[in-house]
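sequence first, predicted model second:
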Amino acid sequence: MKKIYFFVIILTFFIFNINTLLFAAILGYTNDKNLNLDASINLALLNNRNLLIANEEVMMVKYKTAEALSFKAMQIDFSAGYNHYNLEDDYYILDDGVNTYLFNKNAKNQHSLSLSMSQIIYNGSRTRNTKKATEATLKKAKSEYETIKQQVVYRTKVYFYRYMFLNKKLKFLEDIKKYLETLNASQYKISFDFDRFYKNFMFAYDETIIAHKITRLEFFNLMGIEQDSLIILAGKLEAVHPLNIDLDSAIAKALYSRPELMSSEASEELGFLEMNISMAERNPVIALGGGYQYTAPDFRMKGDNWQENWYCGLTMNIPLFDGGAWIARNNQTKINLRKLKLKRADIEEDIKLSIKNAFMGYEHQRRKLTYESNYYQTLLENHYKKFLEKNLIPSTNNTSQIKITSTNNWRKTFNLIRKYKEDTINYLETINAYNEKTLYLYYVIGEID
C-alpha cells in the first residue's frame, strides 16, 4: 500500500510540473512571473469567453456543413418488430403502409425484419443550395470569430500600453514628490504658491495611483487572471511603430481585410441562397425507394415459417397549391436580401468614416509626438539633467535629496521642478495619446494582429 501511495504522489507531481511547463510555454512566462505584451495577448485570447463562444459556434457550423452533405447520400434503415394480436374475428387485415397482411384467429404473434432505402434523385437544386448556405454560414461564423479576436487583441494592447504609461508616470511623480518634500522641509522655504502647487500635485499623485490600480485590475480581468495575482507586467513605455500608409490605401486595405465586412458579405450570400432554396420549393421532387422484409409468427432462424416481401418504387411529388405560403416565404427572402445589401453598404460607410477619423487623429498625434520628443529631449539634456546632477545629494537608501543653499536657490529649484514636472507629464501623455491613436488606426484597418 505504501508503494501505491508513493507512486500516486510521484505521478501527481510529474503531471503538475508538465502542465505548468506547458502553460508557461504557451503564455510566455519567465521565471520571475513577468508577463510581456505577447504573453498578455495569448492569455487574453485563451480566456476570453466571447471568443470561446465564437469558436464553439464555428465548430457547430462545421458539423452543420457535414449534415448538409449527408442529404445527398442514400438513406438506409433497418428495423425489427414484434406484435401480439388478440383477434376476436376469424380473420384480421393489417396494412402497415407498405404491405397488407391477412391473419387468422390462431396467428397471434408477428415477428418482422426489414431493410429499406431511399435516394432523392432530383429536388430542384435544394440540396446544392443548402450545402452552399451552410458554407456561407461557416464563413460568417469565422469572420465573427476574427472580429472578436481583433477586439480582444486591440483592448489588450491598449491596456498594456496604458499601464506602462501610468507605471512610468507614477514612478516619475514619486521622484518629484521626494524633491517637493525636501523643498517643503527646507529652512529657505518661501510659501507664496508652493503650498497650492504641492496640494494639487498630491491630488494628481493620488489620482495616478488610483488610475494605475484600476487599469491593472481591468487588464487582469481582461486576461482572465486573478486580480490579486503577483504577476508582474514586464515592459516599458515606448511609442508604437508608426504606419507608413496614406488614407486611400488605408481605406482600400480595410475594405479588403475587415472581418466585419467579410461577415456582412457572407450574410448577403446566405440571404441569396435562402432565396434560391425558397424558389426551389416549387420544383418537383423525385425519389427512388425500396425495401426487403421478413415476417413470421415465430422467431426461428431455421424453417419455412418466414415470409419474404420486397418492394421498389419511384415517386414524384409536384407542389400545386399551399394557400399562398410559398409566395409569402419567397417575398420574405427577397426583402431580407435587400436589407442585407443595405446593411453591407452601411458597414462600408462606417468603416470609411472610422478610418478617416482615426487617420486624422493619428497624423495629429504623430506630428505632436515628433515635436514634443525633440523639445523634451533638448530640455532634458541641456537643462534638467545638468541641474539635477549638480544639485542632487545621493543617499544610501536609494533616495536622493536636493541641495538647497539659499532663498534664491530654493526659488530657482522650485520653479525648475515645477517646469520639469509639467514638461515630463506632458511628454508622457503625448506618448500615451499617440499610442492609443495608432493602435486604433491599426484596429480599424484590420491589422491589429
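Okay, I see it. Remember, predicted model here, so these are calculated numbers, not experimental data.

which stretches of the stretch 151-300 of the chain have low pLDDT?
297-300 (pLDDT under 70).

quick one: the helices in it?
Assigned by DSSP state H, counting those that start in this stretch, the stretch 151-300 of the chain shows helices spanning 194-223, 247-257, 259-280.

now do the shortest one: distance to the chain's middle.
On the basis of C-alpha atoms, centre = their mean, to the nearest Å, the separation between the geometric centre of helix 247-257 and that of its chain is 22 Å.

could you say what helices and strands it packs with?
Helix 247-257 sits against helix 325-379, helix 407-445, with contacts defined as 3 or more C-beta pairs under 8 Å, 6 or more residues apart in numbering; DSSP states H and E. In short, each C-beta sits where N, CA and C put it, glycine included.

and I121, that one's in a helix?
No: counting by DSSP: H, G, I helix; E, B strand; the rest coil, I121 is located in no helix; its state is strand.

hang on, it packs against P284?
No: the criterion here is C-beta atoms under 8 Å, and I121 misses it with P284 at 10.5 Å.

to Y161, which of the helices and strands packed on helix 247-257 lies closest?
Nearest to Y161 among those is helix 407-445 (4.5 Å), distances taken as C-beta to C-beta.

in the closest one, which residues are buried?
410-411, 413-414, 416-418, 420-421, 423-425, 427-428, 430-445 (16 or more other C-beta atoms under 10 Å).

that older thread, okay, the helices and strands packed on helix 247-257 in JSON lines with mean pLDDT and distance to K177 next?
Below are those laid out as JSON lines (pLDDT from 0 to 100; distance: least, C-beta to C-beta, whole Å):
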{"stretch": "helix 325-379", "mean pLDDT": "90", "distance to K177": "21"}
{"stretch": "helix 407-445", "mean pLDDT": "90", "distance to K177": "10"}
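
take these and lay them out in a markdown table including distance to Q307.
Formatted as a markdown table, the helices and strands packed on helix 247-257 follow (distance: least, C-beta to C-beta, whole Å):
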| stretch | distance to Q307 |
| --- | --- |
| helix 325-379 | 44 |
| helix 407-445 | 73 |
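
so which of those comes closest to R216?
helix 407-445 (15.6 Å).

what's near enough to touch the closest residue to V153 other than its chain neighbours?
In space, V153 comes closest to I448 once its chain neighbours are excluded; the distance is 5.2 Å by C-beta to C-beta, 6 or more residues apart in numbering. Each residue near I448 by C-beta atoms under 8 Å, 6 or more residues apart in numbering is listed here: 150, 153-154, 157, 439, 442.

got these as JSON lines, with distance to K386 columns?
Putting the contacts of I448 into JSON lines (distance: C-beta to C-beta, whole Å) gives the following:
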{"residue": "Q150", "distance to K386": "47"}
{"residue": "V153", "distance to K386": "43"}
{"residue": "Y154", "distance to K386": "42"}
{"residue": "K157", "distance to K386": "37"}
{"residue": "L439", "distance to K386": "36"}
{"residue": "Y442", "distance to K386": "39"}
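
closest one to K171 out of these, please.
Using C-beta to C-beta, those come closest to K171 at K157, 21.5 Å.

for the helices and strands packed on helix 247-257, which one sits closest to Y63?
helix 325-379 (24.6 Å).

neighbours of K169, how many?
21 (other C-beta atoms under 10 Å).

please apply the same query to the one 10 residues further on.
By the criterion of other C-beta under 10 Å, Y179 has 21 neighbours.

repeat for N331
12.

from memory D77 sits against L113, does it?
No: in this structure, D77 is not within contact of L113 by C-beta under 8 Å, at 12.0 Å.

looking at those two, which one has more neighbours?
L113 (15 against 10).

the residue nearest to V153 should be in a strand, yeah?
No: under three-state DSSP, I448 sits outside any strand and is assigned coil.

next, give phi and psi for it.
I448 has phi and psi values of phi -70, psi -20 when expressed as degrees, to the nearest 10.

wait, what's in contact with the nearest residue to G361 once chain neighbours are set aside?
Spatially, and ignoring its direct neighbours in sequence, G361 is nearest to K437 (4.6 Å; C-beta to C-beta, 6+ apart). Contact analysis of K437 by C-beta under 8 Å, 6+ apart lists 358, 361-362, 364-365.

so I355 versus A266, what's the distance?
Taking C-beta to C-beta, to the nearest Å as the measure, I355 falls 22 Å from A266.

go on, T438?
30 Å.

show me how far stretch 371-380 is from its chain's centre.
Computed by C-alpha atoms, centre = their mean, the chain-centroid distance of stretch 371-380 equals 40 Å.

mind listing what's buried in that stretch?
For stretch 371-380, using 16+ other C-beta under 10 Å, the buried residues are 372, 376, 379-380.
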